[in-house]
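[1] below are the sequence and a predicted model; questions follow.
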Amino acid sequence: MTEMAFGTVAAKSGEPIISRWWRTVDRVSLAAVFILFSVGILLGLASSPPLAERNGLGAFHYVNRQMVFGSMSLAGMIFLSMQSPKTVRRLAVLGFLAAFASIVLLPVLGTDYGKGAVRWYSLGFISLQPSEFVKPTFVLFSAWLMSASVDLDGPPGRFMSFFVAVMLTVLLALQPDFGQAALVLASWIVMYFIAGAPMLLLVLLAVAVAGAAAFSYNASEHFARRIDGFLNPEIDPTSQMGFASNAIQEGGIFGVGVGEGSVKWSLPDAHTDFIIAVAAEEYGLVFSLFIIGLFMLITIRSLFRLMRERDPFVRIAGVGLVSVLAMQAIINLGVAVRLLPAKGMTLPFVSYGGSSLLAAGMMLGMLLALTGRRPQDEMSDILTRAK
């Protein structure tokens, strides 16, 4: 009866791990991820050759690198999706500690690549951006603390997670990387709400965030310039926003045709932050809605599967990972259509970027592990632990 009501599956003793994984994993979301990656390769073939030409590289240099890092990302995603929630939690806690330490050391060992913000470690063959990896690991670390606070005589996990979230947000804002800082804080607020935070506290947090934004506007010229540019009703046609807006308008419903777009020759970030502008210009509105639909599919399916979960950690962590994925996609798409201030943030699995692809694979692997169907505890066990 429990299996019928909650859609769980019974464990089969001695079942091979591949068979168990395929039987329990969310295959629809898994397929959507592979389609998103394929779309990214397709758009990379259109958007990256102009940049490679300007840099004196082979026409498909960036596409080849995207395929390499994407293959590593998908392999890591599958590996993580095969693990139990407990194993994923342990790996995430260790990963968060390493990522947090790497962010602390960025001012000393990091580089800015001439962009004015120290966000990367240069390893020669690849540059790593720690903030990409801290997002999924922070979600599971915070969920672990929050879920521990509901245990009898448990630690003050909610307060501890809040303290960590504030420290991490400040460190990211000092880079400065206000977009990633806002994403981390927003994901924590979503998880805190799921964990049962009182509404008054959430209102106070919203007021505090508004105050921090006002302070950042007055204290940071970089932040103020982004906001002023967003609020300005006139768009400079020679700016990134101007090129992107024009490309989306030119694309219409079905696009100007494969390889016929011009925005990739004007935008230096056409293969990363503004990849959706390339998609809209060459393939049109229909293809853009298809990409958005894939992100919506993963988000909605994951939330429905998490609704069946009784484990507080799985439920909180799963919702946190879904919120990071959805909000990052919304930010990237919102910037391209000028619904949000300009912010360098990639579109998961679609945009070019080694750190972005690897971190996205980590995030979806953890999410698939948490949303996989497994035998649930009896409700009496849950109530006993809650006492």
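    Thanks, I have it. Numbering: from 1, shown residues only.

[2] the residue nearest to E132 when sequence neighbours are not counted: neighbour count?
    Distances taken as C-beta to C-beta, 6 or more residues apart in numbering put A359 closest to E132, at 3.8 Å, once the chain neighbours are dropped. The C-beta positions use only the backbone N, C-alpha and C, and glycine is treated the same way. Applying other C-beta atoms under 10 Å, we find 27 residues neighbouring A359.

[3] what does I126 give?
    For I126, using other C-beta under 10 Å, the count is 14.

[4] now do the contacts for it.
    G354 (C-beta atoms under 8 Å, 6 or more residues apart in numbering).

[5] now it: how far from G353?
    Taking C-beta to C-beta, to the nearest Å as the measure, I126 falls 10 Å from G353.

[6] surely the residue nearest to E132 touches P136?
    Yes - counting by C-beta atoms under 8 Å, P136 is a contact partner of A359 at 6.5 Å.

[7] show me the shaky parts of the protein.
    Counting by pLDDT under 70, the chain has low-confidence residues at 1-14, 114-116, 152, 222, 229-230, 233, 236-238, 375-387.

[8] again, only this time at 50
    Counting by pLDDT under 50, the ranges of the chain that qualify are 1-8, 10, 377-387.

[9] which residue is nearest the middle of it?
    Centroid check for the chain by C-alpha atoms, centre = their mean gives L325 as the closest residue, at 3.9 Å.

[10] ok now whichever helix or strand that residue is part of, how far from the chain's centre?
    Using DSSP states H and E, L325 sits in helix 312-336. Distance, stretch centre to chain centre, for helix 312-336: 6 Å (C-alpha atoms, centre = their mean, to the nearest Å).

[11] then stretch 145-157?
    Between the centre of stretch 145-157 and the centre of its chain there are 27 Å (C-alpha atoms, centre = their mean).

[12] so how many other residues sit close to the closest residue in space to V263 that isn't next to it in sequence?
    Spatial nearest neighbour of V263, chain neighbours left out: A247 (3.6 Å); criterion: C-beta to C-beta, 6+ apart. A247: 26 surrounding residues under other C-beta under 10 Å.

[13] then E250?
    18.

[14] which helix or strand contains it?
    In the assignment (DSSP H and E), E250 maps to helix 240-251.

[15] by how many degrees do that helix and helix 312-336 diverge?
    80 degrees (axes from the mean of the first three to the mean of the last three C-alpha atoms, to 10 degrees).

[16] circling back: hang on, the residue nearest to the centre of the chain packs against M362?
    No - counting by C-beta under 8 Å, L325 sits too far from M362 to count as a contact (11.6 Å).

[17] before we move on, back to that, send me the helix holding E250 as CSV with only the CA atoms.
    Extracted C-alpha coordinates of helix 240-251, given in CSV (Å, rounded to 0.1, in the frame of the first residue of the first chain):
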residue,chain,number,x,y,z
GLN,A,240,26.4,43.8,-25.4
MET,A,241,22.7,44.4,-24.5
GLY,A,242,22.2,46.3,-27.7
PHE,A,243,23.6,43.5,-29.9
ALA,A,244,21.7,40.8,-28.0
SER,A,245,18.4,42.7,-28.1
ASN,A,246,18.7,43.3,-31.8
ALA,A,247,19.6,39.7,-32.5
ILE,A,248,16.5,38.4,-30.6
GLN,A,249,14.3,40.8,-32.6
GLU,A,250,15.9,39.8,-35.9
GLY,A,251,15.4,36.1,-35.2
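
[18] buried residues, that helix. List them.
    For helix 240-251, a neighbour-count test (16 or more other C-beta atoms under 10 Å) marks 240-248, 250-251 as buried.

[19] what residues are up against F254?
    F254 sits in contact with 283-286, where contact means C-beta under 8 Å, 6+ apart.

[20] okay if I get these as TSV plus neighbour count, secondary structure and distance to L51?
    Shown next, in TSV, are those (neighbours: other C-beta atoms under 10 Å; DSSP: H, G, I helix; E, B strand; the rest coil; distance: C-beta to C-beta, whole Å):
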residue	neighbour count	secondary structure	distance to L51
Y283	23	helix	19
G284	19	helix	23
L285	15	helix	25
V286	13	helix	26
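
[21] may I ask which two of these are separated the most?
    For the contacts of F254, the farthest-apart pair by C-beta to C-beta is Y283 and L285; their separation is 8.8 Å.
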